[in-house]
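Peer 1: sharing a model prediction with you, sequence too.
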Amino acid sequence: MPRDSSTRYGNTGSLGCRKDMQILNDSAEFKRARFWFWPVVIGVTFFFGLFDGIKGAFIGFLYGVAAGLFLIHESMQVEKK
């Protein structure tokens, strides 16, 4: 069965989508948020681990990932209507 354009690997969308992603990846806020992602995750994991051991570290890791993703989400440029 031949593949159509929706099943090709590397097909990430239209040219406009790719340009928008390139603009997003070049912004200073996005680079800063990407830099701080792992320090936030490690810091929150360590902090929770101090109080409740391995179970706290696991919960802290999950909260750290959520906090890091929130930083990245907030750094994205949004067009207000």
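Peer 2: Everything's here; your move.

Peer 1: low-confidence stretches in this protein?
Peer 2: 1-25, 77-81 (pLDDT under 70).

Peer 1: quick one, longest helix in it?
Peer 2: Identified as the longest helix of the chain according to DSSP state H is helix 28-75.

Peer 1: so what does that helix touch, helix or strand wise?
Peer 2: Of the remaining helices and strands, none touches helix 28-75 by 3 or more Cβ pairs under 8 Å, 6 or more residues apart in numbering; DSSP states H and E. C-betas here are computed from N, CA, C, even on glycine.

Peer 1: apply 10 Å and report the result again.
Peer 2: In terms of contacts (3 or more Cβ pairs under 10 Å, 6 or more residues apart in numbering; DSSP states H and E), helix 28-75 is packed against helix 15-26.

Peer 1: could you pull up the residues touching Phe70?
Peer 2: 33, 40 (Cβ atoms under 10 Å, 6 or more residues apart in numbering).

Peer 1: any idea how far Ala28 is from Phe47?
Peer 2: Distance from Phe47 to Ala28, counting by Cβ to Cβ, to the nearest Å: 28 Å.

Peer 1: for the residue lying closest to Val65 once chain neighbours are set aside, the count of nearby residues, please.
Peer 2: Closest residue to Val65 apart from its sequence neighbours, by Cβ to Cβ, 6 or more residues apart in numbering: Val41 at 5.7 Å. Val41: 20 surrounding residues under other Cβ atoms under 10 Å.

Peer 1: Phe35: how many residues sit nearby?
Peer 2: A count of nearby residues for Phe35, using other Cβ under 10 Å, gives 10.

Peer 1: what's the answer for Val65, then?
Peer 2: Counted with other Cβ under 10 Å, the neighbours of Val65 add up to 16.

Peer 1: who's more crowded, Phe47 and Ala28?
Peer 2: Ranked by neighbour count (other Cβ under 10 Å), Phe47 and Ala28 place Phe47 first, with 14 against 8.
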